[in-house]
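J.: Predicted model and sequence follow; I will ask about them next.
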Amino acid sequence: MSHTKGPWLISGSTVYAINQDDCNRFSARVYEGHDDFDKKISREEVEANALLMSAAPEMLAALEAVLSVADRATVEFDLARTAIAKAKGATK
């Protein structure tokens, strides 16, 4: 499985990826919704979710880079390996 290459950018609550020709290859809009208690999710939370999504490709690359130079048997490195596997479609 391969994700859309970046850079991934953000505009308000829309996340999008631009290809080498400056064309939009991917876009996702983060919408307001309701939580389990039927309370409306705040605009700030929507924007925070969009920020997290837009940073995901760089975070994946950073975790892979860290593990490529220092792969240790610690809880923290296990968390990194689990996050990488999740981003690549592995399920538990």
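T.: Okay, I see it.
J.: Alpha carbons only: can I get stretch 57-66 in CSV?
T.: This file holds the C-alpha atoms of stretch 57-66, laid out as CSV (Å, rounded to 0.1, in the frame of the first residue of the first chain):
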residue,chain,number,x,y,z
PRO,A,57,3.3,11.7,5.8
GLU,A,58,6.2,13.6,7.4
MET,A,59,5.7,11.9,10.7
LEU,A,60,5.7,8.5,9.0
ALA,A,61,9.0,9.4,7.2
ALA,A,62,10.5,10.7,10.4
LEU,A,63,9.7,7.5,12.3
GLU,A,64,11.1,5.3,9.5
ALA,A,65,14.3,7.4,9.5
VAL,A,66,14.7,7.1,13.2
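J.: so Gly6, which of the three states?
T.: coil (DSSP: H, G, I helix; E, B strand; the rest coil).
J.: and the closest residue to it other than its chain neighbours, how far is that from Lys40?
T.: Distance criterion C-beta to C-beta, 6 or more residues apart in numbering; nearest residue to Gly6, sequence neighbours excluded, is Pro57 at 4.9 Å. C-betas here are computed from N, CA, C, even on glycine. Pro57 sits 29 Å away from Lys40, going by C-beta to C-beta, to the nearest Å.
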